[in-house]
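Trainee: I would like the atomic coordinates for the input below:
(one chain, ligands or ions: 1)
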Amino acid sequence: WPASAERVDGALHVGGADVRAIAAEHGTPFLLVDEAVVRDRARRIRLAFEAAFGDARVDVYYAGKALLTADVARWMREEGLVLDVATGGELAVALRAGVEPAAIGFHGNNKSEAEIAAGVEAGVGTFVLDSPIEAERVAAAAERAGRVQRVRLRISVGVHASTHEFLATSHEDQKFGVPLDEAPALVARIRELPGLELVGLHTHIGSQIFDADGFAESARRMLALHASLGADGQLPELNLGGGFGIAYTAADSPEPIEAIAAGLADAVRTAADELGIPVPRIAIEPGRWIVGPAGISVYTVGTVKPVRLGEGTRTYVSVDGGMGDNPRPALYGAQYSARIASRSSDAEPALVRVAGRHCESGDIVVDAEWLPGDVAPGDLLAVAATGAYCHSLASNYNLAPRPPVLAVRDGEVRALVRRESIDDLLARDAGLERPAGRHA
Ligand code: LLP
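Mentor: Numbering: from 1, shown residues only. A predicted model of the protein is given here:
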């Protein structure tokens with residue numbers, strides 16, 4: 001729950017605003033982010049890594065894929081972060097929000113020619129190259145634009161991050177980056193290409209990681225590669241990626257980010273000492289850690305239905321959202337915590353399953369949660385830690401309009417992204433532009 005969450009007369013307040021009043025004004029479901037929490041966490045992770053690395057310069061790239069709106073991009077710049085984008089769409093939001101191109105890093109394992117051209121022409125700070133083919137493409141685009149493009153090369157370090165299979169990105173059999181042993185040849189090729197300036201290596205071992213050893217091992221392997229390339233001139237930067245885990249339920253207990261930063265800095269300094277090289281400029285790319293805990297999703301309970309299972313029953317509490325606004329339980333079996341937000345209750349807790357409104361039995365919001373036994377239609381239900389990878393992963397399954405992203409600051413609520421309307425959804429249905437009844 002966001003640090004500002006509190007109960008006032010039984011009702012949940014976040015950032016000084018009453019969730020019931022927000023629901024009355026904006027309807028449900030909605031995603032609410034506490035601006036102060038986002039900003040505090042952005043600053044906190046930057047300061048943690050700056051303190052841990054001491055003199056070595058640290059750049060913190062906010063991974064926009066977690067949650068990107070114009071305001072979120074601006075908050076990051078104001079808190080001293082730079083921005084990582086992974087598509088032309090994310091790039092466009094950042095640029096139109098006024099983020100300086102030089103403060104943007106462009107990721108992605110298969111950027112299109114158009115995306116590459118847009119990034120080069122806008123003057124983005126760095127591209128992260130993911131393959132030999134992409135190196136040639138970016139070099140050609142840079143030459144066409146008459147520029148030298150700064151690039152980093154993504155390495156797959158072979159570290160098995162202990163997280164969900166789909167969230168691990170640096171074991172052997174996955175699509176990202178080039179393996180350690182293929183890196184030197186590609187680095188040599190990149191250094192030959194006149195359109196490119198190689199400024200450093202990059203890796204990212206996965207997401208929602210609690211095990212600090214994975215980060216440390218990846219840093220050691222990257223430093224060794226970094227050092228081995230020094231014969232042709234030391235690369236200035238080393239980007240160690242994101243992936244810092246957060247708590248979704250009481251069962252999760254991530255280490256404080258300061259401890260993770262200190263451990264990583266230790267691993268980097270020790271490895272640099274052993275290799276006899278200076279510690280390079282370090283970059284990290286957190287997304288979830290910054291915005292995840294700052295957001296809650298608020299739904300209205302529609303039906304409460306006991307379903308008989310052999311001897312017992314399971315109670316399904318269905319809400320007015322679900323996998324359309326948060327597919328993470330369906331995709332990864334992700335766990336969340338939920339509370340009734342509109343009132344307190346003295347009723348005995350009951351173990352229920354919170355389900356969504358979509359046409360799939362896998363449309364689960366919270367698989368198993370203890371809610372007051374009198375949970376009833378009309379109650380507002382809040383789900384914690386939905387700031388990251390919910391809005392950004394949302395879909396229109398069943399033509400359900402996507403909820404708004406609201407932000408609260410000092411008790412004032414404003415929309416970062418407005419609620420999608422049925423008209424928004426129908427606007428792209430080309431058949432509706434033809435007269436009804438003509439099936440041409
Ligand atoms: N850098 C790169 C290259 C990445 O691919 C990612 C995440 C990040 C940084 C940020 O990772 P974070 O700090 O947020 O863990 N949809 C999944 C997460 C996918 C993460 C993709 N890449 C989920 O909902 O859990």
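Trainee: mind listing the strands for the stretch 201-350 of the chain?
Mentor: Listed in chain order, the strands of the stretch 201-350 of the chain (DSSP state E, counting those that start in this stretch) span 237-239, 281-284, 295-309, 312-319, 338-340, 349-355.
Trainee: which of those sits closest to Pro401?
Mentor: With Cβ to Cβ as the criterion, Pro401 lies closest to strand 295-309 of the strands of the stretch 201-350 of the chain, at 14.1 Å. (C-beta placed from N, C-alpha, C; glycine too.)
Trainee: next, the buried residues of the closest one.
Mentor: Of the residues in strand 295-309, 295-301, 304 count as buried by neighbour count, 16 or more other Cβ atoms under 10 Å.
Trainee: picking up where we left off before, now render the strands of the stretch 201-350 of the chain as TSV, adding distance to the ligand and mean pLDDT.
Mentor: Formatted as TSV, these follow (distance: least, Cβ to the nearest ligand atom, whole Å; pLDDT from 0 to 100):
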stretch	distance to the ligand	mean pLDDT
strand 237-239	9	96
strand 281-284	8	97
strand 295-309	13	97
strand 312-319	20	96
strand 338-340	18	98
strand 349-355	18	97
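Trainee: dump those to TSV, plus distance to Tyr61.
Mentor: Formatted as TSV, the strands of the stretch 201-350 of the chain follow (distance: least, Cβ to Cβ, whole Å):
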stretch	distance to Tyr61
strand 237-239	8
strand 281-284	6
strand 295-309	20
strand 312-319	35
strand 338-340	32
strand 349-355	34
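Trainee: what about the residue nearest the centre of the chain, distance to Gly123?
Mentor: The residue lying closest to the centre of the chain (Cα atoms, centre = their mean) is Ala66, at 2.0 Å. With distances taken as Cβ to Cβ, to the nearest Å, Ala66 is found 24 Å from Gly123.
Trainee: same deal with Gly431?
Mentor: With Cβ to Cβ as the criterion, Gly431 and Gly123 are 41 Å apart.
Trainee: the two: which is more packed in?
Mentor: Taking Gly431 and Gly123 together and counting by other Cβ atoms under 10 Å, Gly123 has the greater number of neighbours (14 against 9).
Trainee: what's near enough to touch that one?
Mentor: Applying Cβ atoms under 8 Å, 6 or more residues apart in numbering to Gly123 gives the contacts 101-102, 147.
Trainee: now the buried members of those residues.
Mentor: Buried among the contacts of Gly123 (16+ other Cβ under 10 Å): Pro101.
Trainee: okay, the contacts of Gly123 in JSON lines with secondary structure next?
Mentor: Shown next, in JSON lines, are the contacts of Gly123 (DSSP: H, G, I helix; E, B strand; the rest coil):
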{"residue": "Pro101", "secondary structure": "helix"}
{"residue": "Ala102", "secondary structure": "helix"}
{"residue": "Arg147", "secondary structure": "coil"}
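Trainee: those helices in this protein, which residues are they?
Mentor: Assigned helices in the chain, in chain order: 19-26, 35-53, 70-78, 88-96, 113-122, 132-144, 183-192, 212-228, 257-275, 288-291, 328-332, 422-426 (criterion: DSSP state H).
Trainee: with just CA atoms, put the last one into CSV.
Mentor: Below are the C-alpha coordinates for helix 422-426, written out as CSV (Å, rounded to 0.1, in the frame of the first residue of the first chain):
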residue,chain,number,x,y,z
ILE,A,422,-16.9,3.3,-26.1
ASP,A,423,-16.4,5.8,-28.9
ASP,A,424,-12.6,5.5,-28.5
LEU,A,425,-13.0,1.8,-29.0
LEU,A,426,-15.3,2.0,-32.0
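Trainee: what sits closest to the residue in the stretch 301-440 of the chain that the ligand sits nearest to if chain neighbours are left out?
Mentor: Across the stretch 301-440 of the chain, no residue is closer to the ligand than Tyr389, which sits at 3.2 Å (Cβ to the nearest ligand atom). Excluding its sequence neighbours, the residue lying closest to Tyr389 (Cβ to Cβ, 6 or more residues apart in numbering) is Ala66, at 5.8 Å.
Trainee: what pLDDT does that neighbour get?
Mentor: At Ala66, the pLDDT value in this model is 98.
Trainee: quick one: it and the ligand, what's the gap?
Mentor: 5 Å (Cβ to the nearest ligand atom, to the nearest Å).
Trainee: separation between that residue and Met76?
Mentor: From Ala66 to Met76 the distance is 11 Å (Cβ to Cβ).
Trainee: again, but for Arg353
Mentor: Distance from Arg353 to Met76, by Cβ to Cβ: 36 Å.
Trainee: which one of those two has more residues nearby?
Mentor: In terms of neighbours (other Cβ under 10 Å), Met76 is the more surrounded of Arg353 and Met76; the figures are 28 against 16.
Trainee: list the contacts of that one.
Mentor: Going by Cβ under 8 Å, 6+ apart, the list of residues near Met76 reads 42, 62, 82-83.
Trainee: kindly report the domain assignment for this protein.
Mentor: Under the assignment automatic domain parsing, the domains of the chain span 6-33+293-426, 35-291.
Trainee: out of the helices of the chain, nearest to the ligand?
Mentor: helix 288-291 (3.5 Å).
Trainee: who are the packing partners of the closest one?
Mentor: helix 35-53 (3 or more Cβ pairs under 8 Å, 6 or more residues apart in numbering; DSSP states H and E).
Trainee: now do the helix it packs on, average pLDDT.
Mentor: Averaging pLDDT along helix 35-53 gives 98.
Trainee: just stretch 150-157 next, same as before
Mentor: If you average the pLDDT values across stretch 150-157, you get 97.
Trainee: tell me the residues of the stretch 301-440 of the chain that contact the ligand?
Mentor: By Cβ under 6 Å from any ligand atom, the residues of the stretch 301-440 of the chain that approach the ligand are 328, 332, 389, 393.
Trainee: Ala272: which of those residues is nearest?
Mentor: The closest of those to Ala272 turns out to be Tyr389 (Cβ to Cβ; 33.3 Å).
Trainee: tell me the pLDDT of the closest one.
Mentor: Note on Tyr389: pLDDT of 98.
Trainee: give me the number of residues near whichever residue of the stretch 1-150 of the chain sits closest to the ligand?
Mentor: Nearest residue of the stretch 1-150 of the chain to the ligand: Ala63, at 3.5 Å (Cβ to the nearest ligand atom). Counted with other Cβ under 10 Å, the neighbours of Ala63 add up to 28.
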